[in-house]
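Undergrad: Need the 3D shape of this:
(chains A and B)
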Amino acid sequence: MDDLTTYADNTWCPGCGNFSLFSAFKKAVNLLEEKGTEQDTLVFTAGIGQHAKIFDYLNLSGFYSLHGRGTATAQGIKAANPDLNVVSFGGDGDSFGEGLAHLMFAAKRNADVTVIIHDNGVYALTTGQFSPLSEKGYKGPSAPGGNIEQPFNPLTLILEAGATFVARGFTGEIDHLADLFVQAIEHKGFALVDVLQPCVTYLNTFKEYKEKTEIMETVPASKDKAVLLARQKDPLPIGIFYRTNEPVFHEGLYGSWNPVTQKMGENERKQKIKGLLYGINNNY
Amino acid sequence: MKNDIFTFLIGGKAGEGVKKAGSVAAALFSQMRRSVFQMDDYQSLIRGGHNFSVISTAKKSINSHYMKADLVIALDEKSVSLHKGHVSDSGIFVYNSDAVQDADGIGIPMLAEAKKFPNPKMRIGVSGAAVLASFIGLTKEQLKELIESEYPRDIENNIAYAESIYDIASEKIKKKVTLEKGEISLPLVFGNQAIGLGALSAGLDVYAGYPMTPASSLMHFLARYAKEFGIAVMHVESEIAVANMVIGAAFSGARAMTGTSGGGLALMEETFSLAGITEAPVLFMLSQRPGPATGVPTYTSQGDLEFALNVGHGEFPRIAACPGSIEEAFYLTAEMMNLVWEFQTPGILITEKHLSESTMTVSLDPDRTGWAEPLIHSSGDFQRYADTESGISPLLFPPSSEVIKWSSYEHDETGITTEDGDTIVKMTNKRNRKQASLINKLKGMNTVNVFGTEGPVIAVCGSTCMSVLEALHAGGIEATVVQPRFLRPLPVWELEQFRERDIITVETNSTAQFTTLLKDKANITARETILQYDGRPFDPVELADKIKGIL
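TA: Numbering: from 1, shown residues only, chains lettered A, B, ... in the order given. Predicted coordinates:
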């Protein structure tokens, strides 16, 4: 056991893609540390689902949130203390189902958080129902005749919502994935890494992904090209699809400031309130 | 009682500056060092419909508006028919004679005069101040000063218009009223401002909200002053996001708060529970309006009391408080911010539209509020959920060399998920012990306001307290008003002294939820209950009659 792993019993199924994702993330944390990002400043949230068990296993500070809500929690953490590097782990059901609005709005406002999607195309913790990213025809206990809906394309969706960093990784390429995590966390602005993470129990796509995935050597030159590549299924590109610099949410909100570490002292605050009491401007 | 109270009522369409006209009158009375209570009645629309603003003022303190006014101004036809009956016996009725041909009162061509200037329909509300100024004997110069400070946009035209209305009014209205100056000039603050100021005074760092009447003005107020106070105020995608963000902010060590109305609280309910198990110190503000569902958005109610006291699934300690006045809203918000941080559990400040959006002259002293500070872990191994005697675990915030884990799953002391039966019991007991610690703390605080000593006991909660106090004054009734400031835990230790008294309850809902609470938790039985659930706050004179009817 390493410093980044807690004492909790690991209950992911043997061979689960989550193990590789976990390894890649720990590797990324060490790489980041080498590059100067202190582990103490890294905090993370998780939703609810198989993905979220990473909360118990990863020995970093964090918040185990509600199903779908981890991205909202992450944005609250960041807005209060922008010196923190905030990562939000989400499942494809968790983040593209119950939590879709939080995800879209985090991208829309360019919240400076990194969202890592454990994309296995299935609700694994609740025994294999179809997820918002499941292919049409996928058979699960809630759709014995097969999923009758089209899946979302997570990458084109998040690009359209305004994400400023969009990547796809695969748990069969751990070093490549770790590098994507590092770059996503270093990116200033909203970053999403969609991780193809096969579920050995309900939907084992490992072999298929191993055959079809292809690492992109360069970042596509435009958002249009990124969208085209994100729609491509065979070969299935992995790597960074899009990266741009845009103003981030918290700086738009209060500029270069930190509400927690630069908090106004009690006396100053109370004097200000006294001054305000006789000069409240009600013309709004 | 009429001798020292003066009431001004102005009605018109939304967009005619009715509420503004009311605020100008309130500001004028406050400048005269008088006490003021302003109630704004408006509909859920932006243009048209019907709005009115009623302002009562007295030399001594006043706790409610009165519906019978000494001066009623009707800017449109609807106001003529709706407010004709609101003129007091000695009052006068002034109407816009361009809207109604022949009403029984004093007609002034408010629109025709306004048409001499740009945007006549938007300007018409200015006539309210002009007629009032004439009626209470202000000089033209005093009116000019008032218009300059209150209608700063397009100032020259506003002054010219006001003066022309003043001249016509002075000619037509023979009766004059003299308003004596009061003793102290106090600021005018509306309820949600008082709540915002109380939160700021206790150290608020982050506020997140989603628009919902009648809570929105809290967000607007804080957003307006966010930069000045160095706080973050966010309007985000939904109440669900809001609630999760304030918990996230608390994880970062921020004093965080949100506010909403019934439907929004329903959406936040899942997260209220999350605050319970993660032991997140967050403050929720509920400003009630009539429900269910969308209900009547811009009116008042105490119909969500039971919901608010029981919001959230699962068992966990929570603190619920309910301010009885705008002044108290300031102090109680600050107390709640302190309490949620001391006990690391969610708190809910329960109020109503009538308090949130009514304006009063108040005396607020930030030096009398605490400054919310958590218990900080000092030495030794850190465990987020350390199982202490009080149930309260010392906190740390990131960045930290210690690992800090807050969890929505049942967890061990470190914050790691557990399904072990003994640990579930241990952690449940730990959280429940905070409830006992909280009650001990409350026993040392002012938890119940008692006004008076004699007569029957009138038990109330929230803004209804203001209505009852004013009704007693209006009706010359002797009674003891008992208003618990905290509703959960209900301060039974203070309330039980009234158990043998003759009890009357007054509420603005249809099912007597507060009365039921007193019965269930404190074994206090009301002999009679007065309920009003038309969305309107009580008129003190009508309420006095109802109280007299059952004494």
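Undergrad: Without its sequence neighbours, what residue ends up closest to the closest residue to chain B within the stretch 1-150 of chain A?
TA: The stretch 1-150 of chain A approaches chain B most closely through residue A:76 (2.5 Å), counting by Cβ to the nearest Cβ. Quick note: C-beta positions are derived from backbone N, CA and C, even for glycine. Spatially, and ignoring its direct neighbours in sequence, residue A:76 is nearest to residue B:248 (2.5 Å; Cβ to Cβ, 6 or more residues apart in numbering or on different chains).
Undergrad: What about the one you found, how many residues nearby?
TA: 35 (other Cβ atoms under 10 Å in any protein chain shown).
Undergrad: returning to what we had before: which residues are in contact with the residue of the stretch 1-150 of chain A closest to chain B?
TA: Contacts for residue A:76 (Cβ atoms under 8 Å, 6 or more residues apart in numbering or on different chains) come out as B:206, B:208, B:244-252, B:256.
Undergrad: State the distance from it to residue A:70.
TA: 11 Å (Cβ to Cβ, to the nearest Å).
Undergrad: What residues sit buried inside stretch B:120-129?
TA: Neighbour-count burial for stretch B:120-129, counted by 16 or more other Cβ atoms under 10 Å in any protein chain shown, picks out B:120-121, B:123-129.
Undergrad: Quick one: mean pLDDT for it?
TA: Regarding stretch B:120-129, the rounded mean pLDDT is 95.
Undergrad: Which helix runs longest in chain B?
TA: helix B:421-443 (DSSP state H).
Undergrad: quick one on the thing from earlier: with distance to residue B:223 and pLDDT added, can I get the contacts of residue A:76 in JSON lines?
TA: Below are these laid out as JSON lines (distance: Cβ to Cβ, whole Å; pLDDT from 0 to 100):
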{"residue": "B:206", "distance to residue B:223": "12", "pLDDT": "98"}
{"residue": "B:208", "distance to residue B:223": "11", "pLDDT": "98"}
{"residue": "B:244", "distance to residue B:223": "20", "pLDDT": "98"}
{"residue": "B:245", "distance to residue B:223": "15", "pLDDT": "98"}
{"residue": "B:246", "distance to residue B:223": "15", "pLDDT": "98"}
{"residue": "B:247", "distance to residue B:223": "20", "pLDDT": "98"}
{"residue": "B:248", "distance to residue B:223": "19", "pLDDT": "98"}
{"residue": "B:249", "distance to residue B:223": "16", "pLDDT": "99"}
{"residue": "B:250", "distance to residue B:223": "20", "pLDDT": "98"}
{"residue": "B:251", "distance to residue B:223": "23", "pLDDT": "98"}
{"residue": "B:252", "distance to residue B:223": "20", "pLDDT": "98"}
{"residue": "B:256", "distance to residue B:223": "15", "pLDDT": "98"}
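Undergrad: Let me know the secondary structure of residue B:340.
TA: helix (DSSP: H, G, I helix; E, B strand; the rest coil).
Undergrad: correct me, but it touches residue B:285?
TA: No - applying Cβ atoms under 8 Å as the test, residue B:340 and residue B:285 come out as separate, 11.9 Å apart.
Undergrad: re the thing from before, restrict the helix or strand harbouring the residue of the stretch 1-150 of chain A closest to chain B to CA atoms and write it as CSV.
TA: Element membership for residue A:76 (DSSP states H and E) is helix A:70-80. Backbone C-alpha positions of helix A:70-80 (Å, rounded to 0.1, in the frame of the first residue of the first chain) are rendered in CSV as follows:
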residue,chain,number,x,y,z
GLY,A,70,-20.2,16.0,-6.8
THR,A,71,-19.6,18.6,-9.5
ALA,A,72,-21.8,21.1,-7.6
THR,A,73,-20.0,20.4,-4.4
ALA,A,74,-16.7,20.8,-6.2
GLN,A,75,-17.7,24.2,-7.5
GLY,A,76,-18.7,25.4,-4.0
ILE,A,77,-15.3,24.3,-2.6
LYS,A,78,-13.5,26.1,-5.4
ALA,A,79,-15.5,29.3,-5.1
ALA,A,80,-14.9,29.5,-1.4
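Undergrad: next one: that helix to chain centre, how far?
TA: How far helix A:70-80 lies from its chain's middle: 12 Å, per Cα atoms, centre = their mean, to the nearest Å.
Undergrad: I'd like the average pLDDT over it.
TA: On average, helix A:70-80 scores 98.
Undergrad: Over to stretch A:45-61?
TA: pLDDT averaged over stretch A:45-61 gives 98.
Undergrad: what does stretch B:146-161 give?
TA: Rounded mean pLDDT across stretch B:146-161 is 95.
Undergrad: for stretch B:335-355, same thing?
TA: On average, stretch B:335-355 scores 98.
Undergrad: Stretch B:512-521 too?
TA: So the average pLDDT for stretch B:512-521 ends up being 98.
Undergrad: swap in stretch B:395-414?
TA: 98.
Undergrad: just checking, next helix/strand downstream of the helix or strand in which residue B:241 is found?
TA: According to DSSP H and E, residue B:241 maps onto helix B:239-251. Toward the C-terminus, helix B:239-251 is succeeded by strand B:256-260 as the next helix or strand (DSSP H and E).
Undergrad: Would you mind getting the angle between the helix or strand that that following strand is followed by and helix B:239-251?
TA: Next along the chain after strand B:256-260, taking DSSP H and E as the criterion, comes helix B:262-278. Angle of helix B:262-278 versus helix B:239-251, following axes from the mean of the first three to the mean of the last three Cα atoms, to 10 degrees, is 30 degrees.
Undergrad: quick one: is the next helix or strand after helix B:262-278 near chain A?
TA: Using DSSP H and E, the helix or strand that directly follows helix B:262-278 along the chain is strand B:282-288. No - using Cβ under 8 Å from any Cβ of the partner chain, strand B:282-288 never reaches chain A; the gap is at least 9.8 Å.
Undergrad: What lies in contact with the next helix or strand after strand B:282-288?
TA: Toward the C-terminus, strand B:282-288 is succeeded by helix B:305-310 as the next helix or strand (DSSP H and E). When contacts are defined by Cβ under 8 Å, 6+ apart, helix B:305-310 is touched by residues B:262, B:265-266, B:286, B:288, B:320, B:348, B:350, B:461, B:487-488, B:509, B:513-514, B:516-517.
Undergrad: just the buried members of these?
TA: B:262, B:265-266, B:286, B:288, B:320, B:348, B:350, B:461, B:487-488, B:509, B:513-514, B:516-517.
Undergrad: Now flag whichever of those is closest to residue A:111.
TA: Nearest to residue A:111 out of the buried ones among the contacts of helix B:305-310 is residue B:265 (Cβ to Cβ; 24.8 Å).
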